[in-house]
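# could you look at this predicted model? Sequence included:
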Amino acid sequence: MSRTNDLTISVNQSADDGGYRAENEIISKYLLRPMLPSGALAEDEEGYRLLCNYISTLKVKKRRSNCIPEDLNRWNGIYRVTSGAFHINTELRPVDDNNVYTDFYDHEDVNVKEVSIYYKNNMLELVFDDGTYRTCIHAYLDGELRPVYSKGAIPIYTWTVSTAFADAEELVVETKFLQTCFWTKLIFSETKDGKYKVQVYKERLHEDNPYIYLEAELVKTEKWTG
């Protein structure tokens, strides 16, 4: 990060978390070292202070948020998928039906069987159960992106950020692993016959249209009042 040139080099590491070291070495070798003297740099306490102040002003833009509905607890419970299907981490699913990403999975069936939702402390805890893994995310209602340790379809992906907002009709959850640039959007709603459905999108950062649209019907098998 260069305060003087208003420059930040950002690396999206979509492989093993340790791989960033090799990328940093390449960046340093070809972009940074040629511009620096061969010896040690002189200390610059004032420059360091200014850099720290500059970094402290940077902040990731919040996702969408809204006032918390009084009846948000009505979503609390366990939901079983009765028809349709969606991936336990839709952002980790490729575009077409030929799921080449399975080479990186450690189990085959990654479609959600049950979802649990629990509202507490200004966030929603959601657990997606595919029968092998139970991926847990914390979707904050204030729009802040807070990293949460999560276990997903690709074992080396381990941290998620998630937010949620709700109105009288729908509960919307947006989540992604830090190691990927794609988002999953889940829209939960109640049907007229007392059942539930979820619409699931895999969204790109730079496009309005999603890569993938999936849908499933759910039935609430257990209701929590907490």
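Received the coordinates, thanks.

# going forward, measure contacts between C-alpha atoms and count neighbours the same way
OK.

# can you give me the buried ones in stretch 138-145?
138, 139, 140, 141, 142, 143, 144, 145 (16 or more other Cα atoms under 10 Å).

# what sits up against that stretch?
Stretch 138-145 is contacted by residues 60, 62-66, 68, 122-126, 146, 148, 161-165, 173-175 when judged by Cα atoms under 8 Å, 6 or more residues apart in numbering.

# what lines up beside the longest strand along the chain in the sheet?
When the chain is parsed with DSSP state E, its longest strand is strand 212-223. Note on strand 212-223: by DSSP bridges, its sheet partners are strand 77-84 (antiparallel), strand 196-203 (antiparallel).

# the following helix or strand past the first one to strand 212-223, inter-axis angle?
The C-terminal neighbour of strand 77-84 among helices and strands, as given by DSSP states H and E, is strand 114-120. Strand 114-120 runs at 70 degrees relative to strand 212-223, counting by axes from the mean of the first three to the mean of the last three Cα atoms, to 10 degrees.

# and strand 114-120, how far out from the chain's middle?
Mean-position distance between strand 114-120 and its chain equals 17 Å (Cα atoms, centre = their mean, to the nearest Å).

# elements contacting the following helix or strand past it?
Where DSSP H and E defines the elements, the next helix or strand beyond strand 114-120 is strand 123-129. Applying 3 or more Cα pairs under 8 Å, 6 or more residues apart in numbering; DSSP states H and E, we find strand 123-129 packed against strand 114-120, strand 134-140.

# would TSV of the ones you listed with mean pLDDT be doable?
Shown next, in TSV, are these (pLDDT from 0 to 100):
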stretch	mean pLDDT
strand 114-120	94
strand 134-140	92
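
# please identify the deepest-packed of the ones you listed.
strand 134-140 (a mean of 23; mean count of other Cα atoms under 10 Å).

# for the helix or strand just after it, name the packing helices and strands.
Heading C-terminal from strand 134-140, the first helix or strand you meet, by DSSP H and E, is strand 148-149. The contact analysis (3+ Cα pairs under 8 Å, 6+ apart) places strand 148-149 against strand 159-166.

# great, nothing more from me.
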